[in-house]
Each structure stands twice: as C-alpha cells, then as structure tokens.
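Trainee: Below is the structure, and that's it, no one-letter string:
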C-alpha cells in the first residue's frame, strides 16, 4: 500500500504545501502568496504563516480525500528561511513578529557577533552578519528589554509551524541552528553565546539532525484534517531542502540553483574550512557536511533586460554558441562568491547586439559556476562527482548546454525541485526509509541529463581561461 508524506515551505512571499507518495509523485500542491513590502522584509506575523499553512493543508487533503487513503499519510516536515527567528513566551506565543533574515537593522550586532565568534571560537562558524539569527537575537535583547524579560524560547521560522503541528517548540535542527550560533561540529551551544552576548542558555532549543522524529500531529489537529496522528520530524532551511529535492544528497553530489542569484550547495565527507568565508557548511543528517555559497550574480539580468524577448533570444543563442566574447553580468557593486571583491563590477564588450550580449552573459554565469567548483575541489580535496540543477535558468536548454560544456560534466535536472518537495522527502527519510540518501534516491527523478561534447568543451576551455584572465586584470581576483 502506498505511503504519503507532506512538505510545507514557508517562504518570504508565501506558503506552499505539497503531498507526495514514496516515489516522489506530487499528488497535490497548494500555494498562498504574501505581498512583499518594506515591512515584510523586516518582520512578518507567524500567526499569518500558520493560518496559510493550515488552509493549504485543508485544501490539499480535501482535494485528495476520494483519491487516496489519507490513513496512509505517514509524516510531515517543514522548511523555511534561514536566519529568521521568533521570540516566544512561556505559553509559546510570539512576543514579537518574526525577525526576517532580510532585516538589516541588526547589522551592527552582526559585526559584534562575528568579532566575538572569531575571538572565542575561531574554529567554528564565524560568518555572522545582519541576516544571521544570532545577530537578531542580540539586537532584540538590546532594543526590547521588557519583552526580553518574558522570553522563554528563541525559535526559527520552520520551528513555529513544526510547533503548531506537534506542540513541541523546544526542538530545532542542525541547519537552522547554525546561524544562531550552534556548534554543529561539536554538537552544542558554545559558552561564548552566554558569557559574551546578552543571551541565556535556557532560551535555546534542543538541536537534532533534520528529519528526526520529534513528535506527532496534535490529536485535535489530526481530527480536523482527517489524518491519523502522523509523525512530525525536525525541519530544514529552505536552501538545504531545495538541495535535497534536486537529488544532491551523497558525497560528491552538488546542486547549482540559478534564480535571482547563483547558489551552489553540495555534500562532502569533511567540513570545508574557507579562510575567506566564501563557503560555510551545514551538517548533513547522516554526519556528512553540506557546504554552500551564494553569488551576487545569477539570472536577475535576464528579467531586467531581456524578459520580453526571451523565447526569440534563446532560439538565436542556440545558433551562436560558443561566442568569442567575455562577459560578467553582475548588476550590483561587489561580489561575495566564489570570490570576494568589493570593487567587482559587471562587464561586457561594447557594441554587442542583444543576442550576443544575452548569449555571452549566459556563458559568463557558467564560467563563474566553474570557478566555484574549482574553488570547492581545491578547498575540500574532494571531487565534484555530479552537478544537479534547479532555478529558472534550468528551464533553458541552451543555458544547460553551455553549463555542461563549460563544466565538462553532465548536468542533471530533476523533475520536482522545490523546498516543499524537499521537506516531503525529509519527512520520509526516517519514517519510511532508513536515511535521507535512500529517500532522495527513491523520491527524485531526473527529468533530463545534458552531457558535454568534445568540440564545445575545447572551445569553452579557451573562453574560461579568458574569463579568469579578465577577472585578474581587473583586480577582482588574485
């Protein structure tokens, strides 16, 4: 008899609920959209998240009531934004709206946390900034002392929905806890958090691997939804959940998501230590490491300048590759990955036609992706075995062809690559399968594989060397 799993993704601009079976087939999906405003970039109501998630659950389950046996739904998991935190009182009610990862008011506290971490635990995670949960906790304590006096638990965005489902708000997972200061290597909250910063140990949650069962669906909620008291498991950050949905869960597997930005995440057997802080590592539920980094470059240039002619330009680009041009479509000042350069600026040859610029920009992003993977292999000493892909750019066969030949590796695109599907896989990983690896192998299907060809590989080798040489000439890299 089929088994079913629920994944919930709470994003900046909405909530998505999916129900899948043990093969990864999505039986139903429901989305609610939030308006994106200046305030919602800083704070959002957790109660609104839960109302949208509950509505999504009801809609999904009602639609399937006559199609599947809801008594075979086994587990649920939640994913959400990394660095978003919520202060709860003793009754597990929010003392304040969620402080969003995109809230920059804690920039000074981010510098303070980074300096303290570098001094007292330099071997641990030290990449704190305004987007880190730890920085927001310190900022809150300094700006809201009366609310802080009533504080009982700091939780993360995914934990709020997990708590509403199970009643357990005192447990979080390794991926969410990282940017709140948890030492994922030695498995504990380090002493400097409480000795050097205005935090208390009793405010912090128990931390477990993502996917570990932490409770069951509250009986009254199970009755409302027409479900058994299914297992609720510890969640995961949205970036890691999307990586899981892509199938990149084994050592040597990597995922590149090209949306607004280029994000690279993968699995290594050893932690990657990057002295420059371009990469940081989450902890894999099976004890491996999940390093990752995010560029300021991606596909934002497509929507900004080419969206109205996308189909036409894409068709023409297929006839132009490879181009002799070197372009780097960075639309803002400065780069953070795979190199750090405050003076980095986008560039392209002058006088190019729209189609030549469009094609050269796709090649430039592919060159940047290759530079990232060369950096990863250099720092880790491990081989990048396979590259899986997601994001809007993965819908372009031309861009996939460029990337496979620049990387000189096959590129795999999976069918259902969303955070909600990743959460459903996570829900199954320790309740139906024996591990996350086993669950991902069973529940992800490769939609297409793009292989490199010798002629294009040779041409793009020359193009890549030109690209790296230009970065050096401009002083962006050593």
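Mentor: Good, I have the coordinates. Computed from a predicted model, the values in this text were never measured in an experiment.
Trainee: How about the secondary structure of residue 449?
Mentor: Assigned with DSSP: H, G, I helix; E, B strand; the rest coil, residue 449 falls in the strand class.
Trainee: Please renumber the chain so that the first residue is 373 from this point on.
Mentor: Renumbered: residue one is now 373, and that last one reads residue 821.
Trainee: Pretty sure it sits against residue 786.
Mentor: No - in this structure, residue 821 is not within contact of residue 786 by Cβ atoms under 8 Å, at 10.4 Å. (Glycine included, C-beta is placed from N, CA and C.)
Trainee: When those two are compared, which one has more neighbours?
Mentor: Legend: neighbour count by other Cβ atoms under 10 Å for residue 821 and residue 786, higher for residue 786 (23 against 12).
Trainee: For that one, list each beta-bridge partner.
Mentor: residue 818 (DSSP bridges).
Trainee: residues touching it, list them.
Mentor: By Cβ atoms under 8 Å, 6 or more residues apart in numbering, residue 786 lies in contact with 617, 618, 619, 760, 762, 816, 817, 818, 819.
Trainee: Output those residues as JSON lines; include the columns distance to residue 691, pLDDT and neighbour count.
Mentor: Conversion of the contacts of residue 786 to JSON lines gives the following (distance: Cβ to Cβ, whole Å; pLDDT from 0 to 100; neighbours: other Cβ atoms under 10 Å):
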{"residue": "617", "distance to residue 691": "33", "pLDDT": "94", "neighbour count": "32"}
{"residue": "618", "distance to residue 691": "30", "pLDDT": "92", "neighbour count": "31"}
{"residue": "619", "distance to residue 691": "32", "pLDDT": "93", "neighbour count": "25"}
{"residue": "760", "distance to residue 691": "28", "pLDDT": "95", "neighbour count": "26"}
{"residue": "762", "distance to residue 691": "27", "pLDDT": "85", "neighbour count": "24"}
{"residue": "816", "distance to residue 691": "33", "pLDDT": "95", "neighbour count": "25"}
{"residue": "817", "distance to residue 691": "31", "pLDDT": "90", "neighbour count": "12"}
{"residue": "818", "distance to residue 691": "27", "pLDDT": "91", "neighbour count": "13"}
{"residue": "819", "distance to residue 691": "25", "pLDDT": "91", "neighbour count": "12"}
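Trainee: could you measure residue 455 against residue 509, distance?
Mentor: For residue 455, the distance to residue 509 (Cβ to Cβ, to the nearest Å) stands at 11 Å.
Trainee: any idea how this structure splits into domains?
Mentor: Under the assignment automatic domain parsing, the domains of the chain span 376-610, 618-845.
Trainee: quick one: terminal-to-terminal distance for the first one?
Mentor: In other words, domain 376-610. Domain 376-610 has its terminal residues 21 Å apart, counting by Cα to Cα, to the nearest Å.
Trainee: Find the residue ranges of the stretch 623-772 of the chain scoring beneath the pLDDT cut-off.
Mentor: Residue ranges of the stretch 623-772 of the chain with pLDDT under 70: none are present.
Trainee: quick one, helices of it?
Mentor: Taking DSSP state H, counting those that start in this stretch as the criterion, the stretch 623-772 of the chain carries its helices at 672-677, 682-689, 726-752, 769-779.
Trainee: out of those, deepest packed?
Mentor: The highest average neighbour count among those, using mean count of other Cβ atoms under 10 Å, belongs to helix 769-779 at a mean of 24.
Trainee: Could you tell me the angle between that one and helix 726-752?
Mentor: Calculated by axes from the mean of the first three to the mean of the last three Cα atoms, to 10 degrees, helix 769-779 forms an angle of 40 degrees with helix 726-752.
Trainee: Identify the residues contacting helix 769-779?
Mentor: Helix 769-779 is contacted from outside by 628, 630, 686, 689-690, 693-694, 734-735, 737-739, 741-742, 745, 759, 761, 765-766, 782-783, 785, 820, 822-825, 828-829, 831-832, 835-836, using Cβ under 8 Å, 6+ apart.
Trainee: Secondary structure of residue 541: a helix, I assume?
Mentor: No - assigned with three-state DSSP, residue 541 falls outside any helix and is coil.
Trainee: these two touch, right, it and residue 530?
Mentor: No - between residue 541 and residue 530 there is no contact, the gap being 11.4 Å when judged by Cβ under 8 Å.
Trainee: Which residue of these two possesses the greater neighbour count?
Mentor: Between residue 541 and residue 530, counted using other Cβ under 10 Å, residue 530 has the larger neighbour count: 32 against 18.
Trainee: Touching, that one and residue 450? I think so.
Mentor: Yes - look at residue 530 against residue 450 with Cβ under 8 Å: they come within range, at 4.5 Å.
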